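Colleague: what's the 3D shape of this:
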Amino acid sequence: MKVVLLETIEGIGSVGQEVKVKDGYARNYLVPKGLALMASDKNLKAFKDKIQSKIRSEAKSREHAQKIADQLDAVTLNFSVKTGQEGKLFGSITSTNIFEALNQKGFEVDKKKIVLPEPIRHVGTHEVTIRLYPGVNAQVKVEVSAENEE
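Modeller: Numbers count the residues shown, from 1 in each chain. The predicted model follows:
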């Protein structure tokens, strides 16, 4: 079934794009949630203005996400934690820790957007990806150092 997307859906397409999806996915999910319209001439004419305004707002959202990504690329988060032998951490640095550190620096990022395949368990510098928007990612440096015990 062909539908016109009203929202960008990762893995399917962007706003205003006409895509072919399975019938059940369109009828049971996309259309009822207001994410897409059936791609008929009548619907396209009736919702042309709505689609155009969504495309414009999508472009603004992408620009805003890109500005935040540029700011986040310059950020370095420092964590000082207790370590054992060979620089292995007691515990780990998780996406929750990164989320809280970013909030303290004034960045409001959704915790689910932080891509951390597995928790950080070793001392050193690590790159963490943050998906801000489809196609817009930021790289944040996370420096983990051993806590000084005196």
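
Colleague: CA atoms for contacts and neighbours, from now on please.
Modeller: Noted.

Colleague: helices and strands of this protein: which one has the lowest mean pLDDT?
Modeller: Sorting the helices and strands of the chain by mean pLDDT, DSSP states H and E puts helix 41-46 at the bottom, at a mean of 79.

Colleague: which is the next helix or strand following it?
Modeller: helix 48-73 (DSSP states H and E).

Colleague: pLDDT on that following helix, on average?
Modeller: For helix 48-73, mean pLDDT is 86.

Colleague: so which residues of the chain form strands?
Modeller: 2-5, 18-20, 36-38, 76-81, 88-93, 114-115, 120-122, 124-133, 136-146 (DSSP state E).

Colleague: for the fourth one, buried residues please.
Modeller: Right, strand 76-81. 76, 79, 81 (16 or more other Cα atoms under 10 Å).

Colleague: could I get the buried residue list for stretch 84-99?
Modeller: 88, 89, 92, 93, 95, 98, 99.

Colleague: identify all contacting residues around that stretch.
Modeller: For stretch 84-99, contacts defined as Cα atoms under 8 Å, 6 or more residues apart in numbering pick out 77, 81-83, 109-111, 114-116, 118-123, 146.

Colleague: buried subset of those, written for ChimeraX?
Modeller: Selecting the buried subset of those in ChimeraX, with 16+ other Cα under 10 Å as the burial test, is done by:
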select :81,82,83,109,114,116,120,121,122,123,146
